[in-house]
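A.B. asks: structure of the sequence below:
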Amino acid sequence: MIGPYLYRFPRPDLGSVMERTNLNTMHEQALVVGLMSTGDKSWQAVLMTRNGVEYVSSDLELRGDFDWRPRGWVHDRQSNCFVPPGIHWDEEAGEYSGEIDQAALAHAGEVQRVGGQLAPKLPVPRQGEKYPTWKSRVYRSMPELKEDLRTPILLAETWQAATA
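C.D. replies: Model (predicted):
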């Protein structure tokens, strides 16, 4: 189902963080380093990424899972657009409903820690095991991690802590 694209991205500030999921399902973040604006509703931004420069705008264009979005926003597959956390498409009313979850926005992109340690439930790397093998073993033992965008960061930090 294609939704009405009611949510435009808010105008970012210089230094704001935007994020996306790349085609390898890894989480990427970028910094807003340039901004052209003609008011709050129409703007274009230049993003600095690890791989170079990207561009994003406020236009109501077709957006998918792999496009840049403000940090913390999620892709609503039912309406096929990005929405702030806590907002969902109400089929009966024909509009978005819910309240923006400010707590989720505040912690977006942060690695979740449990008791000051990184996810203690993850399997420990075996002696001489390579990272791709260990990562594959983790995903097989905990398939729910594949749905979380923070998992690649969590796995990398856990690997570094365990092999340091």
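A.B. asks: quick one, strands of this protein?
C.D. replies: In the chain, the strands defined using DSSP state E lie at 17-21, 27-37, 43-49, 52-57, 69-70, 74-76, 81-83, 88-90, 95-97, 113-114, 117-118.
A.B. asks: pick the most buried one from those.
C.D. replies: strand 81-83 (a mean of 22; mean count of other C-beta atoms under 10 Å). For glycine as for every other residue, the C-beta is placed from the backbone atoms N, C-alpha and C.
A.B. asks: now do that one, average pLDDT.
C.D. replies: For strand 81-83, the mean per-residue pLDDT is 75.
A.B. asks: also stretch 19-37?
C.D. replies: Per-residue scores along stretch 19-37 average to 87.
A.B. asks: walk me through the domains of this protein.
C.D. replies: 17-106, 113-163 (automatic domain parsing).
A.B. asks: residues near the closest residue to A162 other than its chain neighbours, how many?
C.D. replies: Excluding its sequence neighbours, the residue lying closest to A162 (C-beta to C-beta, 6 or more residues apart in numbering) is P125, at 5.2 Å. P125 has 18 neighbouring residues, counting by other C-beta atoms under 10 Å.
A.B. asks: about what we covered before: now the strands of the chain in JSON lines, with distance to L145?
C.D. replies: Shown next, in JSON lines, are the strands of the chain (distance: least, C-beta to C-beta, whole Å):
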{"stretch": "strand 17-21", "distance to L145": "14"}
{"stretch": "strand 27-37", "distance to L145": "12"}
{"stretch": "strand 43-49", "distance to L145": "24"}
{"stretch": "strand 52-57", "distance to L145": "27"}
{"stretch": "strand 69-70", "distance to L145": "21"}
{"stretch": "strand 74-76", "distance to L145": "17"}
{"stretch": "strand 81-83", "distance to L145": "22"}
{"stretch": "strand 88-90", "distance to L145": "24"}
{"stretch": "strand 95-97", "distance to L145": "29"}
{"stretch": "strand 113-114", "distance to L145": "14"}
{"stretch": "strand 117-118", "distance to L145": "13"}
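A.B. asks: tell me the mean pLDDT over stretch 94-114?
C.D. replies: On average, stretch 94-114 scores 58.
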